[in-house]
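> only geometry, no sequence info:
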Ligand SMILES: Nc1ncnc2c1ncn2[C@@H]1O[C@H](COP(=O)(O)OP(=O)(O)O)[C@@H](O)[C@H]1O
Ligand SMILES: [Mg+2]
């Protein structure tokens, strides 16, 4: 599904060059649920953004579902994102003037799906995350956990090959965090490949594999016994 | 443009961002509104000044004389010049084809006018039958002085509406009554009014021949007055009347042995020349209104651009989200412009309709000095709306394009 080789990324701030990723190599197969662990500032988000084509690496190779990703223009990146990727962000990134249903339907609009069809489909995914009754509420009327579930429904509605979640529970209390992780586990159970960035041990252990990032390199890559979030809900 | 999905997406956005939409619309609509009102009043001023000229026939030519100021052919300066009947006859024959109306004027001096026991303070002038058209007078009652009166040196007199009002008691019909001018009885045959209003109604008119004969005028006249045949265009009319003016001066100077460069012995006043000056003035006024109008439009354009800039800035994060979900940069630019053009168009036309409506409504009732019926050329107003729409689109394009091309991750970070 994913293969990256010798990925480098640095940020230039004035005269300082901050080398964030210093040669990352890894592979993930179809159906994996991978946690990317590391302390704050270790480059987790940077890695995830590159994988999500929201940002570009300085050097290295990246193959997604057999397609080499390089020479990305914004237009090309947009096309790949729409076709391959779903995103879940710590800060939800819902459009505040659109209600839950419209937010979930938005990626389908960019897939040129007709209005009626995309609303039906969006409703189906909202139902899956248990928010059917909240379909016509604005994000401001939802709790943090609900917002993140809407964001997950939105990411899944486009039926991506890969779901990328950057600290999906970072803004949530622990009970709500487990609810969200429960949802992510279920999506993974259905066969979807998911990468979760987190700095929390318990969240990482709800995945099937943990990649430890420190100072821009992978220091440890381990398979773990998955802890089911449903046990805490 | 005809992508129904995109229209729906835009309507959603507009419906859910009412304040932003309203503010953008308001600035566009008020810009157009102010511009149209300004242009309307520019036109109103032009109309008003044109109306001021209605008091006399607009192609009137008027001759008067003063003393000579230059020595010429052995004649001393300071010699008074008196126009003669021969001069009048020569001009009317020589220029017969160019003239439309013609009349000599003889001012009767040192006479006392009485109606019954009352002494009246109006001046008495002898005129010809065409004088009515030269002064743009109208008849309220009776008839004007006619050529027969001139032939017969008839003792008939014209008074004005103003004189009728001031002199004759209510219920007394002045027609047929007699005025006593220095002991001689003149019968009132008509009552005239003047387009120029009461300030031109202070005169009593009698036939010029009668005036000369009865009041020791001999063959002297004080003024010659003419109007010219209409010309195809305003400029041609001005040219023709300037030429006639020059010919007239040349003839009269020769006939009275006046130096060709004497500036004041022979004077000819030409309304058209004056009119040209005024039209030039109104042209300048219009230019001024255009200038102010264009400044307003520029202010409008700047306003719209600013709003677009703010709107796009405000939506940077949204743009990031949309791009993360698969929107392409050109799709984002298209969406923002589509929305901007839609809002500017709707509000531009609203401003246009409101201001044109207001002008239609109050325009015909506005009639203060120098402003009559302010109105505006619809095409001009329409073009400004389109100009503003295009300006809004151009102004919106650059920030939209920039925002659409920000790295998605940077757009998402935008607070
Ligand atoms: N756009 C940027 N410009 C400059 N420095 C950045 C930028 N994004 C991230 N960084 C820096 O790169 C390092 C890694 O950041 P990040 O990948 O966000 O870490 P994490 O998600 O693991 O906390 C941090 O020190 C951060 O300050
Ligand atoms: Mg991070």
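Done, it's in. No experiment lies behind these values; they were computed from the predicted model shown. Ligands and ions are numbered 1, 2, ... in the order given.
> give the contact list for the closest residue to residue B:112 other than its chain neighbours.
With C-beta to C-beta, 6 or more residues apart in numbering or on different chains as the criterion, residue B:112 has its nearest non-adjacent residue at 5.6 Å, and that residue is residue B:182. Glycine gets a C-beta too; all of them are placed from N, C-alpha and C. Contacts here follow C-beta atoms under 8 Å, 6 or more residues apart in numbering or on different chains; on that basis residue B:182 touches B:111-112, B:215.
> give me the residue from the stretch 151-300 of chain B nearest chain A.
Using C-beta to the nearest C-beta, the single residue of the stretch 151-300 of chain B nearest to chain A is residue B:300, 26.8 Å away.
> and the stretch 301-415 of chain B, by the same measure?
With C-beta to the nearest C-beta as the measure, the residue in the stretch 301-415 of chain B that lies nearest chain A is residue B:326; the distance is 2.5 Å.
> that older thread, put the buried members of the contacts of residue B:182 into a PyMOL selection.
In PyMOL, the members of the contacts of residue B:182 classed as buried (16 or more other C-beta atoms under 10 Å in any protein chain shown) are selected with the following command:
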select buried, chain B and resi 111+215
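> check what pLDDT residue B:386 gets.
At residue B:386 the predicted local confidence, pLDDT, stands at 86.
> oh, that last question was meant for residue A:172, not what I typed.
Note for residue A:172: predicted pLDDT of 89.
> burial count for it?
Burial of residue A:172 is recorded as 20 neighbouring residues (other C-beta atoms under 10 Å in any protein chain shown).
> returning to what we had before: what is the burial count for the residue of the stretch 151-300 of chain B closest to chain A?
Neighbouring residues of residue B:300 were enumerated by other C-beta under 10 Å; the total is 27.
> identify the residues contacting it.
Taking C-beta under 8 Å, 6+ apart as the contact definition, residue B:300 lies against B:27-28, B:31-32, B:35, B:388, B:391.
> if we can go back for a sec, any idea how far residue B:141 is from the residue nearest to residue B:112?
Per C-beta to C-beta, to the nearest Å, residue B:182 is found 25 Å from residue B:141.
> also residue A:10?
Residue A:10 sits 103 Å away from residue B:141, going by C-beta to C-beta.
> buried set for the helix or strand in which residue B:392 is found?
Per DSSP states H and E: residue B:392 is located in helix B:378-405. Judged by neighbour count (16+ other C-beta under 10 Å), helix B:378-405 contains these buried residues: B:381, B:384-385, B:387-389, B:391-393, B:395-397, B:399-401, B:403-405.
> show me the contacts for the closest residue to residue A:226 other than its chain neighbours.
With C-beta to C-beta, 6+ apart as the measure, residue A:208 is the residue that lies nearest to residue A:226, at 5.1 Å, once sequence neighbours are left out. When contacts are counted by C-beta under 8 Å, 6+ apart, residue A:208 is found next to A:32-34, A:188, A:223-224, A:226.
> can you pull out the strands in chain A?
Counting by DSSP state E, chain A has these strands, from start to end: A:2-13, A:16-28, A:33-37, A:59-64, A:67-68, A:85-88, A:162-166, A:193-198, A:209-214, A:217-223.
> please compute how far the fourth one lies from its chain's middle.
Shown here is strand A:59-64, whose average C-alpha point lies 18 Å from the average C-alpha point of the whole chain (C-alpha atoms, centre = their mean, to the nearest Å).
> and chain B, is it touching that?
No - counting by C-beta under 8 Å from any C-beta of the partner chain, chain B is not contacted by strand A:59-64; separation bottoms out at 14.8 Å.
> give me the contacts around that strand.
Surrounding strand A:59-64, the residues in contact under the criterion C-beta under 8 Å, 6+ apart are A:1-8, A:23-24, A:50-51, A:68-70, A:80, A:84, A:161-162.
> just the buried ones from these?
Under a neighbour-count criterion of 16+ other C-beta under 10 Å, the subset of these counted as buried comprises A:1-4, A:7, A:24, A:50-51, A:69, A:80, A:84, A:162.
> from these, which are also near ligand 1?
With the criterion set as C-beta under 6 Å from any ligand atom, no member of the buried ones among the contacts of strand A:59-64 is near ligand 1.
> nearest to residue B:177, of those?
Nearest to residue B:177 among the buried ones among the contacts of strand A:59-64 is residue A:80, at 105.5 Å by C-beta to C-beta.
> which residues of chain A lie near ligand 1?
Within chain A, the positions near ligand 1 by C-beta under 6 Å from any ligand atom are A:11, A:13, A:18, A:20, A:38, A:40-46.
> in CSV: those residues, plus pLDDT and neighbour count.
Compiled in CSV, these are given as follows (pLDDT from 0 to 100; neighbours: other C-beta atoms under 10 Å in any protein chain shown):
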residue, pLDDT, neighbour count
A:11, 93, 11
A:13, 88, 7
A:18, 93, 12
A:20, 94, 19
A:38, 93, 23
A:40, 89, 8
A:41, 89, 12
A:42, 92, 21
A:43, 92, 22
A:44, 94, 23
A:45, 93, 22
A:46, 93, 23
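> neighbouring contacts of the longest helix seen in chain A?
When chain A is parsed with DSSP state H, its longest helix is helix A:174-189. The contact list for helix A:174-189, computed with C-beta under 8 Å, 6+ apart, reads A:31, A:33, A:129, A:143-145, A:148-149, A:152, A:156, A:163, A:165, A:168-169, A:172, A:194, A:196, A:200, A:202-203, A:206, A:208, A:226, A:228-230, A:232-233.
> buried ones in that helix?
Along helix A:174-189, these residues count as buried under the neighbour rule (16+ other C-beta under 10 Å): A:176-185, A:187-188.
> poorly predicted segments of chain A, please.
Residue ranges of chain A with pLDDT under 70: none are present.
> please apply the same query to chain B.
When residues are selected by pLDDT under 70, those of chain B lie in B:1-2, B:50-58, B:234, B:278-279, B:282, B:367-370, B:415.
> can you pull the residues of it lying near chain A?
Chain B comes close to chain A at residues B:5, B:8-9, B:12-13, B:16-17, B:317-318, B:320-331, B:404-405, B:407-409, B:412, as judged by C-beta under 8 Å from any C-beta.
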